Structure formats: C-alpha cells, structure tokens
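Peer 1: how does the following fold in three dimensions:
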Amino acid sequence: MRIAVDAMGGDFAPKEIVRGAIDAAKKYDCEIVLVGDEAKIRAELGGADTDDLHISIVHAADVIGMDEAPAEAVRSKKDASIVVATRMVKDGECDAVFSAGSTGAAVTAAQLILHRIRGVSRPTIATPMPTPDGVTLMLDSGANVDSKPEHLVQSAVMGSLYAQYVFGVERPRVGLLNIGEEETKGNEQAKETYPLLKTDPNIYFCGNAEGRDVPKGNFDVVVCDGFVGNVVLKFAEGLAKTILGLIREEIRGAGLMAKLGALLLMPTLRHLGKRLDVREYGGAPLLGVNGCCVIGHGSSDAKSIASAIGVTVSYVNGKVLDQIRDALAKEEEETGRV
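Peer 2: Modelled structure (predicted):
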C-alpha cells in the first residue's frame with residue numbers, strides 16, 4: 001500500500017508531518033510518499049533512522065495556504081503539494097492521499113481530480129468522536145456548510161458503511177442531529193430529512209440525536225450539515241482540552257493530600273486523557289469521492305499524523321470505497337434518488 005502524504009500541509013509542516021510519517025511507516029504496513037519541497041523534506045529526514053522504512057519523496061514546488069480560495073488555488077497551482085499528491089491517487093501511483101493542510105483545498109482537489117462517485121451529490125467528511133464504548137461517527141464535519149435532505153441521506157448511507165467496515169459495527173445506529181427527540185422537532189431541513197432517513201432501506205435509522213447523545217455514544221452515526229458538524233467538533237475538542245487543563249490546575253493548587261491522591265490516580269488520569277485526545281484518531285475520511293482521501297487537523301503534531309495515516313490504512317484495507325459504490329448503486333435502484 002502506498003500513501004501520498006502532503007508534507008507541506010498543516011501548521012507545523014513539514015517537521016511534524018515527516019516525524020509522523022516516520023512513526024507510521026514503522027507501525028503500519030505501508031509505503032509513505034512525502035509530497036512537497038524536496039530540500040525541506042530531506043532536511044527533516046536527516047538524522048532519522050529510515051534505512052528499513054519505505055519512505056520516498058516526490059517534489060512539489062507550490063503550497064496552498066489556509067487563506068487562499070480553494071477552487072482558484074487548486075486550478076492555478078498545478079504543482080501544489082496537495083494537487084500533486086491527489087493526482088498520484090488518480091493516476092494509480094498511490095492508494096490514498098492524506099493532508100493536514102487546507103480542508104477546502106483537499107476537498108476541492110479530491111472533487112476536481114478524483115471526481116465524485118456516481119450518485120453522490122456532495123462528498124462528506126466523517127469524523128470519529130470519542131465515546132465511553134468507542135466512537136460516534138459524525139458527518140458532515142466541514143465539507144459542506146449547506147446541505148439538502150438528500151445530501152444528509154447519502155451521508156447516512158456512507159457513514160454507516162464506514163462504521164461497519166472500519167470500526168466493525170455490525171448494524172450502525174443512525175441518528176439525525178436535532179434539538180429534540182420528537183419527529184416534528186427542528187428546522188425545515190431536519191423535518192424534510194427525517195422521513196427520508198426513516199424509510200431508507202439501506203440504513204438502521206433510530207431517530208433524532210440530541211447534542212448530548214454524541215459523546216454518550218447513543219448512536220454510531222450522526223448526520224448533520226457541515227456548518228453544525230464543524231461547530232460541534234471544535235466545541236468538543238476545546239471542551240476536552242479545557243477539562244484536562246482544569247484538572248491539572250486543581251492538582252497543582254491543591255494541598256499535599258490531594259497531590260498524593262492525584263499521584264495514585266495518575267494511571268487513570270492518563271488513560272482518561274488518551275480517550276479524550278483527538279490525536280488518537282488523527283484523520284477523517286472524505287467519503288463520496290472516487291479515491292481514498294483523508295483529512296487531518298491543521299494543528300496536527302506527529303502523533304496525530306501517524307494516527308491519521310493509520311486511519312488511511314484502515315480505509316483502504318476495509319475496501320470502503322467499493323462498498324460505498326455498491327451501496328449507492330443499490331440506493332438509486334431502490335429509491336430512485338441520485
């Protein structure tokens with residue numbers, strides 16, 4: 001398996017990207033192709049023990065910045081790292097592409113170069129959210145700020161397949177993110193989407209999911225538009241960091257007995273921190289395009305990058321792309337919706 005990694009995408013590129021790629025090459029059965037400024041990548045690789053690792057470099061002279069208009073930048077910067085890396089998947093040189101750079105650029109490159117799967121109107125980003133028993137897959141978490149009901153139905157179908165073939169959930173419970181459990185609750189989008197999900201034969205729809213249901217794990221897949229999903233995602237990330245920070249502050253300012261108690265609880269606190277750490281998941285797949293594309297946080301460090309590459313390996317090994325193609329063809333045949 002060959003994975004094209006956008007080495008120049010992200011707040012800490014290329015240093016953290018290269019470090020994470022090295023860790024991933026050691027941990028997972030894959031070859032990493034680092035795409036970007038060759039001189040800078042080699043400088044980061046210098047001194048690292050990569051003799052027994054399958055890591056190569058493909059030079060790309062340009063980078064698409066976070067502040068650039070994605071569509072215009074992807075079309076004009078043919079030698080940008082994300083464009084070159086995505087094209088390698090299109091040409092069959094790599095099995096997947098990963099980027100922690102501009103989400104808009106990664107989504108646009110995937111749509112323009114890889115194209116959408118037949119029947120998909122809008123690709124969607126599927127983000128795993130930690131729960132007591134595993135994860136809740138939330139989508140969309142940023143690809144589309146405005147979604148029609150049929151887009152949310154497609155998200156539900158694709159998210160269910162991802163949960164099944166990557167996370168091993170035999171019958172994923174699907175929920176529609178809403179402000180209440182009742183079928184009549186919500187805005188017009190939610191009210192129109194509910195009956196479509198309820199009657200879709202390809203998913204196990206369990207009704208409306210309220211915000212508190214996401215971290216509780218009451219649903220395996222929760223669908224919403226990208227505006228709401230991105231807000232929920234970033235709120236959850238900020239809340240987790242705040243809680244852990246408050247615990248550390250309280251321990252530091254406490255008396256001797258409290259500090260001794262904290263010392264005894266340290267293994268438990270570390271385990272809690274790991275379960276709440278978004279770096280454990282690292283990347284979110286862009287579902288609905290004709291190729292494997294995984295997107296990471298812009299602030300990703302080496303640990304996040306390695307985890308995201310692990311997500312990418314699972315996506316390819318799970319043959320999720322083939323499953324989505326087959327399911328959407330079946331969806332079109334049974335419901336008449338494209």
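
Peer 1: what's the biggest helix in the protein, counting residues?
Peer 2: Longest helix of the chain, by residue count under DSSP state H: helix 226-253.

Peer 1: can you give me the buried ones in it?
Peer 2: Residues 226, 228-230, 232-233, 236-237, 240, 251 are the ones in helix 226-253 that count as buried (16 or more other Cβ atoms under 10 Å). (C-beta placed from N, C-alpha, C; glycine too.)

Peer 1: ditto for stretch 193-205
Peer 2: 193-194, 196-197, 200, 202-205.

Peer 1: do you know how far the residue lying closest to Gly104 once chain neighbours are set aside is from Val166?
Peer 2: Using Cβ to Cβ, 6 or more residues apart in numbering and skipping residues adjacent in sequence, the residue nearest Gly104 is Pro70, 3.4 Å away. According to Cβ to Cβ, to the nearest Å, Pro70 stands 27 Å off from Val166.

Peer 1: related to what we said a few turns ago, between the buried residues of stretch 193-205, which sits nearest Pro14?
Peer 2: Comparing these against Pro14 with Cβ to Cβ places Ile203 closest, at 40.4 Å.

Peer 1: can you map out the helices along the stretch 151-300 of the chain?
Peer 2: Using DSSP state H, counting those that start in this stretch, the helices of the stretch 151-300 of the chain run over residues 188-198, 213-216, 226-253, 256-276.

Peer 1: oh, I was asking about the stretch 1-150 of the chain
Peer 2: Using DSSP H, counting those that start in this stretch, helices in the stretch 1-150 of the chain cover 15-27, 38-45, 70-76, 81-90, 103-109, 149-166.

Peer 1: what's the angle from the longest one to helix 188-198?
Peer 2: It stands for helix 149-166. Between helix 149-166 and helix 188-198, the angle comes out at 50 degrees (axes from the mean of the first three to the mean of the last three Cα atoms, to 10 degrees).

Peer 1: packing partners for helix 149-166?
Peer 2: Judged by 3 or more Cβ pairs under 8 Å, 6 or more residues apart in numbering; DSSP states H and E, helix 149-166 is in contact with strand 124-125, strand 134-139, strand 173-177, helix 188-198, strand 221-223, strand 283-287, helix 302-317, helix 320-335.

Peer 1: tabulate those (TSV), appending distance to Ser76 and mean pLDDT.
Peer 2: Below are the helices and strands packed on helix 149-166 laid out as TSV (distance: least, Cβ to Cβ, whole Å; pLDDT from 0 to 100):
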stretch	distance to Ser76	mean pLDDT
strand 124-125	24	92
strand 134-139	30	88
strand 173-177	36	96
helix 188-198	34	93
strand 221-223	34	96
strand 283-287	22	90
helix 302-317	27	90
helix 320-335	29	78
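
Peer 1: export the ones you listed to CSV and tack on distance to Val63?
Peer 2: Listed next are those as CSV, based on distance: least, Cβ to Cβ, whole Å:
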stretch, distance to Val63
strand 124-125, 21
strand 134-139, 28
strand 173-177, 34
helix 188-198, 36
strand 221-223, 33
strand 283-287, 19
helix 302-317, 17
helix 320-335, 27
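
Peer 1: out of those, nearest to Pro215?
Peer 2: strand 134-139 (7.5 Å).

Peer 1: pairing partners for that closest one, with directions?
Peer 2: strand 127-131 (antiparallel), strand 221-223 (parallel) (DSSP bridges).
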